[in-house]
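Enquirer: sequence first, then the predicted structure, then my questions.
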2 protein chains.
Amino acid sequence: MKSPSSLEFLAEALRRLPGVGPKSAQRMAYHLMQHDREGAAMLGRALNQAVEKVQHCALCNTFTEHEVCEVCSNPERDKTLLCVVETPADQLMIEQTMTYKGLYFVLMGHLSPLDGIGPKDIHLEKLIQRASDGVVTEVVLATNFTNEGEATAHYISENLKARGLKVSRLARGVPVGGELEYVDAGTIARAMLDRRAT
Amino acid sequence: MKSPSSLEFLAEALRRLPGVGPKSAQRMAYHLMQHDREGAAMLGRALNQAVEKVQHCALCNTFTEHEVCEVCSNPERDKTLLCVVETPADQLMIEQTMTYKGLYFVLMGHLSPLDGIGPKDIHLEKLIQRASDGVVTEVVLATNFTNEGEATAHYISENLKARGLKVSRLARGVPVGGELEYVDAGTIARAMLDRRAT
C-alpha cells in the first residue's frame, strides 16, 4: 500500500522547503488536504505568481517585480550612500530603524568557501561596478557579525578600498538595554576598543 | 519599503502550512526565489494537482485519487476485519508491520471537545454504516494511546457495541526491546493487568 501519487508528489515537493523533513512534509500534505484545501490552492497560486514575477533589481540586486526596485527608483534617497546587506530581510530591518536614507546593495548571501560560495555568488563584480558609479561616496558594510559575515565584510572592504572608495562598518558594542553582567566578553572587549569620547 | 507583493503573498501563503510562522515563511520564500525556483514551480504544480485529484475513499475515508482506494478495492483483503485508525500515516505504519490483512477506516482525526472536534468531524456516522454492512465481524480500534485517542476509542466502542458488533483494541504493554527499569509505571501496570497465560 502506498499513498496516492499526487499526495506523495506533494510531500516530496514540500521537502524542497528549507527545514522541512519527510515527517513534516507528510504532516503538511495531510493537513492541507484534510483541513485547508483553500490554503493549498492559494499557496499554489502564490508560488506560480512569484516564480513568474519576482526578479532581481538591476541596481541593488534585491527581489523586485520591476527592472529597478522601489528603493533604488525613489528620488528622495541619498544616492551617495550605499549600504551592503546579506539578505532582503536584513535590508527590511535597517529600513525599519528609519535611520538610513541611502541606497542598498543586497549580496543574497555571504562568502562561505567551505560551502563553495565564492565572490561570484555574492555578486561582487556587480557591487564593485555599482559602487564605482562616481556618485556613491561611502559604502556602509552591514553584513552580519557572524564569522561568515565578518569575512565577507573584510573581503569586500579590501576590494573597494583598493579602488579608492570610502568604506565603513556598522558599529559593534553593547546592545541597547544590555547589562554588562550578561553580555559576552567578546562584545565587551569590542566595545572597550571602540569606545567613544562623550 | 515593503517586499514585492508576490513575495509577500508567497510568505503569507506559506504560513498556512502547519508549524510555519512569519519568520520561517519569509525565509522559505527567499530561499525558493534565490536558490530553488525549480522547486517552487514543482511545489506549485504538486499543490494544484493534489487539490484537483485527492479525494476521500467512499468506503474507508482515506485519501485516494479514485472513488474507492487501493486497499478497499483489493479482493485479497479480509473483508470481515475493519481496523479504525486516526490518520493515513497510522494506516501506513500498520501496513508496514505486514500483520494485518483486513480493511481500514480512517477517522482523519480524533475526538477533542475542547477544540470543537465532535463525532461528526471524525465521520462516526460513516463508520457505523461501514461497520454495519453485514460482512464486517470485528472492528479493531487502533487509535493512538493518547488521552484523545483513548477517549475516541472508548466512544466508538460504546457506539458499535450498542449495535451488536464485536470490538477489540490494540494490546497495551511493554514495548519490544523495553527494559522494565526504564518503562513508565503506567505501562507496566497495564501490562500486569493484561498479562497473558503462556
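Expert: Perfect, thanks for sending it. Residues are numbered from 1 along each chain as shown, chains lettered A, B, ... in the order given.

Enquirer: and residue A:170, what pLDDT?
Expert: Residue A:170 carries a pLDDT value of 89.

Enquirer: likewise the one 4 residues further on?
Expert: In this model, residue A:174 is scored at 86, pLDDT.

Enquirer: likewise residue A:92?
Expert: pLDDT for residue A:92: 88.

Enquirer: give me the helices and strands touching the one helix or strand residue A:93 maps to, please.
Expert: Assessed by DSSP states H and E, residue A:93 sits inside helix A:88-97. Judged by 3 or more Cβ pairs under 8 Å, 6 or more residues apart in numbering or on different chains; DSSP states H and E, helix A:88-97 is in contact with strand A:78-85, strand A:102-106, helix B:22-35. Where you see a C-beta, it was placed from the backbone N, CA and C, and this is true even at glycine.

Enquirer: nearest to residue B:109, of these?
Expert: helix B:22-35 (24.8 Å; Cβ to Cβ).

Enquirer: between the helix holding residue A:93 and strand A:78-85, how many degrees?
Expert: 130 degrees (axes from the mean of the first three to the mean of the last three Cα atoms, to 10 degrees).

Enquirer: on that earlier part again, return the most buried member of the helices and strands packed on helix A:88-97.
Expert: strand A:102-106 (a mean of 24; mean count of other Cβ atoms under 10 Å in any protein chain shown).

Enquirer: name the element residue A:49 belongs to?
Expert: Assessed by DSSP H and E, residue A:49 sits inside helix A:37-53.

Enquirer: re the thing from before, distance to residue B:43 and mean pLDDT added to the helices and strands packed on helix A:88-97, as a markdown table?
Expert: Converted to a markdown table, the helices and strands packed on helix A:88-97 look like this (distance: least, Cβ to Cβ, whole Å; pLDDT from 0 to 100):
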| stretch | distance to residue B:43 | mean pLDDT |
| --- | --- | --- |
| strand A:78-85 | 27 | 94 |
| strand A:102-106 | 24 | 95 |
| helix B:22-35 | 8 | 92 |
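
Enquirer: now those in JSON lines, with distance to residue B:142?
Expert: Putting the helices and strands packed on helix A:88-97 into JSON lines (distance: least, Cβ to Cβ, whole Å) gives the following:
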{"stretch": "strand A:78-85", "distance to residue B:142": "53"}
{"stretch": "strand A:102-106", "distance to residue B:142": "52"}
{"stretch": "helix B:22-35", "distance to residue B:142": "33"}
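
Enquirer: of these, which approaches residue A:17 most closely?
Expert: The closest approach between residue A:17 and any of the helices and strands packed on helix A:88-97, judged by Cβ to Cβ, belongs to helix B:22-35 at 5.0 Å.

Enquirer: and the closest one, does that touch chain A?
Expert: Yes - Helix B:22-35 reaches chain A (Cβ under 8 Å from any Cβ of the partner chain) through B:24, B:26-34.

Enquirer: looking at those, which is nearest residue B:84?
Expert: Checking the residues of helix B:22-35 next to chain A against residue B:84 by Cβ to Cβ gives residue B:24 as the nearest, at 34.5 Å.

Enquirer: got the contact list for the nearest residue to that closest one once chain neighbours are set aside?
Expert: Distances taken as Cβ to Cβ, 6 or more residues apart in numbering or on different chains put residue A:19 closest to residue B:24, at 6.8 Å, once the chain neighbours are dropped. When contacts are counted by Cβ atoms under 8 Å, 6 or more residues apart in numbering or on different chains, residue A:19 touches B:24, B:27-28.

Enquirer: now render the residues of helix B:22-35 next to chain A as CSV, adding distance to residue B:79.
Expert: Output for the residues of helix B:22-35 next to chain A, formatted as CSV (distance: Cβ to Cβ, whole Å):
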residue, distance to residue B:79
B:24, 45
B:26, 51
B:27, 49
B:28, 45
B:29, 48
B:30, 52
B:31, 48
B:32, 46
B:33, 51
B:34, 53
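
Enquirer: thinking again about what came up before, with just CA atoms, put the helix holding residue A:49 into CSV.
Expert: Output of helix A:37-53 as CSV, limited to C-alpha atoms (Å, rounded to 0.1, in the frame of the first residue of the first chain):
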residue,chain,number,x,y,z
ARG,A,37,-7.6,22.9,0.6
GLU,A,38,-8.2,26.6,0.1
GLY,A,39,-4.8,27.3,1.6
ALA,A,40,-3.2,24.7,-0.7
ALA,A,41,-4.8,26.3,-3.8
MET,A,42,-3.7,29.7,-2.5
LEU,A,43,-0.1,28.6,-1.9
GLY,A,44,-0.1,27.0,-5.4
ARG,A,45,-1.1,30.4,-7.0
ALA,A,46,1.4,32.3,-4.8
LEU,A,47,4.2,30.1,-6.0
ASN,A,48,3.3,30.3,-9.6
GLN,A,49,3.0,34.1,-9.4
ALA,A,50,6.3,34.5,-7.5
VAL,A,51,8.2,32.3,-9.9
GLU,A,52,6.8,34.2,-12.8
LYS,A,53,7.2,37.8,-11.5
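
Enquirer: so how far is the helix or strand just after it off the chain centroid?
Expert: Proceeding N to C from helix A:37-53, the next assigned helix or strand is strand A:55-56, under DSSP H and E. For strand A:55-56, the separation from the chain centroid amounts to 14 Å (computed by Cα atoms, centre = their mean, to the nearest Å).

Enquirer: repeat for stretch A:181-192
Expert: Taking Cα atoms, centre = their mean, one finds the center of stretch A:181-192 at 26 Å from the center of the full chain.

Enquirer: alright, that wraps it up for me.
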